[in-house]
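Engineer: what would the 3D arrangement of this be:
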Amino acid sequence: MRRNDGDDDGRVARAAIAALGRRGRTSRIPDAVRAEVLAYARRQRAAGRSWRRIAHAVGVSAGSLENGSRTPPPARMLVPVAVTAPAGGAAAPLVVVSPGGYRVEGLDVATASALLRALG
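Structural biologist: Sure thing, here's the model as predicted:
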């Protein structure tokens, strides 16, 4: 007589996948079914079974089992940031060199343009 260790023959996991009906390669498996299948896969891996053998027993691809069983990377945390006003002081002084060779420093834009216009 064979001992039944719950779902270790994969019937429940396989039935859950079969109940989803016909699926395409990119059809998402619902979270509850995924949890059932991955729990079965973890037990089988602990018993030394290969991904291929487990996948065949359940009815999904070995790649999807491997991908689903990977632990997700830790979530990144937001870090508090203090936003402050820029340090005092005026902006860098204006320096303009005209095509005629005149160099104008320290004036505001309006005054510098008026001076350069007057110089021609």
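Engineer: would you confirm that Val60 contacts Val37?
Structural biologist: Yes - taking CB atoms under 8 Å as the definition, Val60 is a contact partner of Val37 at 6.7 Å. For the C-beta atoms, the positions are set from N, CA and C on the backbone; glycine is no exception.
Engineer: who touches both of these two?
Structural biologist: 17, 29 (CB atoms under 8 Å, 6 or more residues apart in numbering).
Engineer: between those two, tell me which one has more neighbours.
Structural biologist: Ranked by neighbour count (other CB atoms under 10 Å), Val60 and Val37 place Val37 first, with 26 against 21.
Engineer: enumerate the positions of the helix or strand of the chain with the lowest mean pLDDT that are buried.
Structural biologist: With mean pLDDT, DSSP states H and E as the measure, the helix or strand of the chain carrying the lowest mean pLDDT is helix 11-18 (a mean of 80). For helix 11-18, the neighbour count (16 or more other CB atoms under 10 Å) marks 12-14, 16-17 as buried.
Engineer: also stretch 50-61?
Structural biologist: Of the residues in stretch 50-61, those with enough neighbours to count as buried (16+ other CB under 10 Å) are 51, 54-55, 57-58, 60.
Engineer: which residues touch it?
Structural biologist: Residues outside stretch 50-61 that contact it (CB under 8 Å, 6+ apart) are 9-10, 13-14, 17-18, 29, 37, 40-41, 44-45, 62, 64-66.
Engineer: care to break this protein down by domain?
Structural biologist: Taking automatic domain parsing as the domain assignment, the record places the domains of the chain at 11-69, 92-120.
Engineer: what's the span of the shortest one, first residue to last?
Structural biologist: Counting by CA to CA, to the nearest Å, the length from the leading to the trailing residue of domain 92-120 is 26 Å.
Engineer: what does stretch 46-61 give?
Structural biologist: Distance across stretch 46-61, first residue to last, is 19 Å (CA to CA).
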